[in-house]
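Engineer: Test case, fold it:
(one chain, ligands or ions: 1)
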Amino acid sequence: MSASLLHASGIHAWYGSSHVLHGVDIEVKPGETVGLLGRNGMGKSTLIRTLLGHVKQREGHIAVRGQDMSRAAPHQVARAGIGYVPEGRGVFPNLSVRENLVMAARPSREGRHDWTLDRTLATFPRLAERLGHLGGQLSGGEQQMLSIGRVLMTHPDLIILDEATEGLAPLIVAEIWRVIGDIRASGIATLIVDRDYRKVASQADRLVVLQKGQVVLAGDAPALAGSSELAACLGV
Ligand SMILES: Nc1ncnc2c1ncn2[C@@H]1O[C@H](COP(=O)(O)OP(=O)(O)OP(=O)(O)O)[C@@H](O)[C@H]1O
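Structural biologist: Numbers count the residues shown, from 1 in each chain. As a prediction, this is how the structure comes out:
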């Protein structure tokens, strides 16, 4: 078994007195695609934000490549090679597309810098056509692409995508999934939350399903996709 890229165990998280995660275990191996599923409000975003260091009221153990990150701040997790495409995007509205991309750029921990501006623009031809536009002038889909492009230019080993296709038109959704496929093919691991559970199940190597802040089902995606167990957990 290959070593973990991200390994979290016994994760608890709270918002004030509200106890949201109850001892979650999750692992992502190098290059692996893990789909995180669950109905609304089951704790997916909270788990992601806890792994990234955004939720301060937390317990449990988080390691990146074996290094303890249980109490790490978000910038330390990012520096360790964990990229995040947040729900609701996260581009600078007053900077141009080029500035948004170039500002984010940094080599990987080992000094790789293969995700150049040119490669990123080749991945997102729409952004290439809008290099001088301000982030705030872009459509929702273009902002999402810019958000993913910014993360790629940080050379992460893992990209966490939280609802990357939410609220977008079908053609744009298809383009985002194409890019997610390219990202996976390039060897970057992904942790994906998306409402389209069938799509997630068809793209992922493994699935983890949350219910009320606990893992209720986990396993190989091909075995779980289309299973009655998965349907029961998701209430579909
Ligand atoms: N900032 C917050 N403060 C207080 N409670 C919160 C906060 N964010 C989320 N919650 C609550 O925590 C629980 C888990 O929410 P979370 O957003 O993690 O679920 P989710 O599975 O990502 O759902 P969704 O798909 O609706 O985003 C919910 O009960 C939600 O109301």
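Engineer: For the spatially closest residue to Gln211 that is not a sequence neighbour, give its distance to the ligand.
Structural biologist: Nearest residue to Gln211 in three dimensions, chain neighbours excluded: Met42, at 5.6 Å (CB to CB, 6 or more residues apart in numbering). Where you see a C-beta, it was placed from the backbone N, CA and C, and this is true even at glycine. As for Met42, its distance to the ligand is 4 Å (criterion: CB to the nearest ligand atom, to the nearest Å).
Engineer: and stretch 220-235, which residues are buried?
Structural biologist: Applying a neighbour-count criterion of 16 or more other CB atoms under 10 Å, the buried positions in stretch 220-235 are Ala221, Leu224, Ala225, Leu230, Cys233, Leu234.
Engineer: Quick check, the first one in contact with Gly35.
Structural biologist: Yep, that's Ala221 we're talking about. Yes: with contact defined as CB atoms under 8 Å, Ala221 counts as touching Gly35 (6.3 Å).
Engineer: Spit out the residues that contact those two alike.
Structural biologist: Shared contacts of Ala221 and Gly35, defined by CB atoms under 8 Å, 6 or more residues apart in numbering, are found at Ala201, Gln203, Ala204, Arg206, Leu207.
Engineer: Tally up the residues packed near the closest residue to Gly141 other than its chain neighbours, please.
Structural biologist: Excluding its sequence neighbours, the residue lying closest to Gly141 (CB to CB, 6+ apart) is Ile172, at 3.4 Å. A total of 18 residues lie near Ile172 under the criterion other CB atoms under 10 Å.
Engineer: Leu191: which of the buried residues of stretch 220-235 is nearest?
Structural biologist: Ala221 (12.9 Å; CB to CB).
Engineer: Tell me the spacing between the residue nearest to Gln211 and Val55.
Structural biologist: From Met42 over to Val55 the distance is 15 Å, taken as CB to CB, to the nearest Å.
Engineer: and those two? which has more neighbours close in?
Structural biologist: Met42 (22 against 19).
Engineer: so which strand or helix has the closest residue to Gly135 other than its chain neighbours?
Structural biologist: Nearest residue to Gly135, sequence neighbours excluded (CB to CB, 6+ apart): Val91, at 4.1 Å. When elements are assigned from DSSP states H and E, Val91 belongs to no helix and no strand.
Engineer: Count the neighbours of Val91 for me.
Structural biologist: As a burial measure, the neighbour count of Val91 was computed by other CB under 10 Å and equals 21.
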